[in-house]
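Chemist: Provided below for reference: sequence and predicted model.
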Amino acid sequence: MTHGADAIHELVEDAGWSYPVTANRLERQYALTNVQLDEDGKYMIMVSELFLDAEVDRFESREDLERKLEPVIEAEIESRRVGIVGRLKRTFFGGR
């Protein structure tokens, strides 16, 4: 299964669209579709959330899509990583 920007590109291909494609068009069609952020499938995000964080309007090409989304995807993965201290807090004190 694809992940990251490749997963978004796959949505463009599956819809039969060509570039340029607007983020609004992708959002209308796939807003609640989950996208794997990493190759292990450990982190997922909905298309609408990803585009909201990315603040993008359109993608001119696959390379443009990757350039605009990869930093957002990496930041999202990093924000979700929890170290050993975080896991212990979660275990003993609850929470997310």
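Modeler: Sure thing, it's come through.
Chemist: and Pro35, how far is that from Ser48?
Modeler: In this structure residue 35 is Val, not Pro. 10 Å (C-beta to C-beta, to the nearest Å). (C-beta placed from N, C-alpha, C; glycine too.)
Chemist: These two - which one has more neighbours?
Modeler: Neighbour tally, Val35 and Ser48, criterion other C-beta atoms under 10 Å: the higher count belongs to Val35, 23 against 16.
Chemist: So the more buried one is in contact with Ile45, correct?
Modeler: Yes. Val35 is within contact range of Ile45, at 5.7 Å (criterion: C-beta atoms under 8 Å).
Chemist: tell me what the helix or strand Arg67 falls within is packed against?
Modeler: Arg67 belongs to helix 62-80 when elements are defined using DSSP states H and E. With contacts taken as 3 or more C-beta pairs under 8 Å, 6 or more residues apart in numbering; DSSP states H and E, helix 62-80 sits against helix 5-15, helix 47-54.
Chemist: what's in contact with that helix?
Modeler: 4-5, 8-9, 12, 19, 37-38, 43, 45, 50, 53-54, 56, 59 (C-beta atoms under 8 Å, 6 or more residues apart in numbering).
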